[in-house]
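K.L.:
sequence and predicted model, in that order:
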Amino acid sequence: MEEEIRVPIYFMAGFLESGKSTFLDFTIDQDYFQIDGPTLLILCEEGEVEFDPKKLKKSRTSVEVIDKFEDLTPERLVAYDAFYRPERVIIEYNGMWQVSKFEEMQLPKDWGLVQQIVTVDASTFQIYMNNMKSLFVEMVRGADMVLFNRCTKDMPLASFRRSVKVVNQSAEIIFEDDEGEIEDIFAEKMPFDVEADVIDIMDEDYGIWFIDAMDHPETYEGKKVSFTAMVLKSRELPKNVFVPGRMAMTCCADDTSFIGYICRTPEAKNLKTGKWVKLVAEVGYEYVESYHKEGPVLTAISLEPAEPLAQELVYFN
């Protein structure tokens, strides 16, 4: 039985000047943020935005600043718990610190992480992805929401979305410009014909289809798709089910994962993991335990052996 969380932790990550403090400063002033008990805000880096003392007082929020990761210890958090007796804790994490180190940290009794938010400055996103991709992948791997701010419609926002979704399919992704949320980021045309009798997915477009199929069931439900894939079998799956997919590189050569959707076919029992197939399948949608939500389920129409692809990795950038 899971222990009840007495002190929920709201964890915010993002690189310097990604908008963490701006987001928090706005949130603290909102009516929905107000609670009866005290809030503890732990700042692990000080950005350009200074918090308004009046807003902090109104929301009964106390602030502690931690400059070095070595100072963010279980003992210090226990001391904060005893001194402030907070009803909730907000942590604005340093973008240069590994999120995994916090996730591994022993928390005070009855404290628990309930929400992880990552803020991203869209104007510098590609620079950070080119130079600090592993840190960003760690940030978004467990995030509930990823907020891209300072967006413009000429940016490759759909590509930004795919960069997050391949790491964390369940994350909510929001794009904002100076006037608020941007909703029509998928005006770009897919590199394959979604109106064809059989949607032919080229090898280099598999990653694009993989993300779009999860995000837009209205586009693919009842449609037929064709692509070349590697076979994955598992003892946890029924005998008539396998997963056709590809290896995807999400961070570096040492950080790859298999991405694919389950497929039903009587021929599954004859397939072997690691072999390649050319698949034509109909796309349906239903709740799948391994997805933790409703998602694509393929039903094979035809299946035949295929040669391994010369370049089997799917790259998301």
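P.N.:
Looks like it arrived, so ask away.
K.L.:
the helices in this structure, which residues?
P.N.:
With DSSP state H, the ranges of helices along the chain come out as 20-28, 53-58, 74-84, 99-103, 125-131, 133-141, 157-165, 206-215, 217-220.
K.L.:
in contact with the residue nearest to the spatial centre of the chain, which residues are there?
P.N.:
In the chain, the residue lying closest to the centroid (C-alpha atoms, centre = their mean) is residue 168, at 3.2 Å. Counting by C-beta atoms under 8 Å, 6 or more residues apart in numbering, residue 168 touches 140, 141, 142, 143, 146. (Each C-beta comes from the backbone N, C-alpha and C, glycine too.)
K.L.:
so where's the chain shaky on pLDDT?
P.N.:
Low-confidence segments of the chain, defined by pLDDT under 70: 1-3, 47-49, 183-189, 249-255, 310-317.
K.L.:
residue contacts, the closest residue to residue 233 other than its chain neighbours?
P.N.:
Distances taken as C-beta to C-beta, 6 or more residues apart in numbering place residue 273 nearest to residue 233, at 4.7 Å, with adjacent residues excluded. Counting by C-beta under 8 Å, 6+ apart, residue 273 makes contact with 231, 232, 233.
K.L.:
what about 10 Å?
P.N.:
Shown in contact with residue 273 (C-beta atoms under 10 Å, 6 or more residues apart in numbering): 230, 231, 232, 233, 234, 242, 243, 258.
K.L.:
same question, residue 135
P.N.:
13, 15, 95, 96, 97, 98, 99, 128, 251.
K.L.:
on that earlier part again, which one (most neighbours) among the contacts of residue 168?
P.N.:
residue 146 (27 neighbours; other C-beta atoms under 10 Å).
K.L.:
what's opposite it in the beta bridge?
P.N.:
residue 118, residue 173 (DSSP bridges).
K.L.:
now, among the contacts of residue 273, which is nearest to residue 157?
P.N.:
Among the contacts of residue 273, residue 258 lies closest to residue 157 (C-beta to C-beta), at 26.4 Å.
K.L.:
need the buried ones from the contacts of residue 135 selected in ChimeraX.
P.N.:
To isolate the buried ones among the contacts of residue 135 in ChimeraX, judged by 16 or more other C-beta atoms under 10 Å, type:
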select :13,15,95,97,99,128,251
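K.L.:
let me know the closest of the contacts of residue 135 to residue 31.
P.N.:
Nearest to residue 31 among those, with distances taken as C-beta to C-beta, is residue 13, at 25.7 Å.
K.L.:
in contact with the closest one, which residues?
P.N.:
20, 44, 91-95, 97, 99, 102, 116-120, 135-136, 138-140, 142-143, 146.
K.L.:
if we can go back for a sec, which of the contacts of residue 168 lies closest to residue 306?
P.N.:
Closest approach to residue 306 among the contacts of residue 168 (C-beta to C-beta): residue 141, at 31.5 Å.
K.L.:
okay but that closest one is in contact with residue 171, surely?
P.N.:
Yes - using C-beta atoms under 10 Å, residue 141 is in contact with residue 171, at 9.1 Å.
K.L.:
now do the shared contacts for those two.
P.N.:
Between them, residue 141 and residue 171 share the contacting residues 116, 118, 164, judged by C-beta under 10 Å, 6+ apart.
K.L.:
from residue 226, how far off is the second one?
P.N.:
In this view, residue 118 and residue 226 are 35 Å apart by C-beta to C-beta, to the nearest Å.
K.L.:
before we move on, what about the first one?
P.N.:
Look at residue 116 and residue 226: by C-beta to C-beta, they are 37 Å apart.
K.L.:
those two: which is more packed in?
P.N.:
Using other C-beta under 10 Å as the criterion, residue 116 and residue 226 rank with residue 116 on top: 24 against 17.
K.L.:
which residues touch the more buried one?
P.N.:
By C-beta under 10 Å, 6+ apart, the residues touching residue 116 are 9-13, 91, 93, 99, 103, 139-146, 168, 171.
K.L.:
which residues does residue 263 bridge with?
P.N.:
Under the criterion used (DSSP bridges), residue 263 bridges to residue 242, residue 298.
K.L.:
count the residues that sit near it.
P.N.:
Neighbour tally, residue 263, other C-beta under 10 Å: 27.
K.L.:
then residue 65?
P.N.:
Count around residue 65 with other C-beta under 10 Å applied: 12.
K.L.:
burial measure for residue 129, as a count.
P.N.:
17.
K.L.:
my guess is it meets residue 136, correct?
P.N.:
Yes - counting by C-beta under 10 Å, residue 129 does reach residue 136; the two are 6.3 Å apart.
K.L.:
show me what contacts residue 212?
P.N.:
Taking C-beta under 10 Å, 6+ apart, one finds 158, 161, 162, 165, 186, 190, 192, 194, 205, 219, 220 in contact with residue 212.
K.L.:
just the buried members of these?
P.N.:
158, 161, 162, 165, 190, 192, 205, 220.
K.L.:
closest to residue 109 among these?
P.N.:
residue 165 (35.6 Å).
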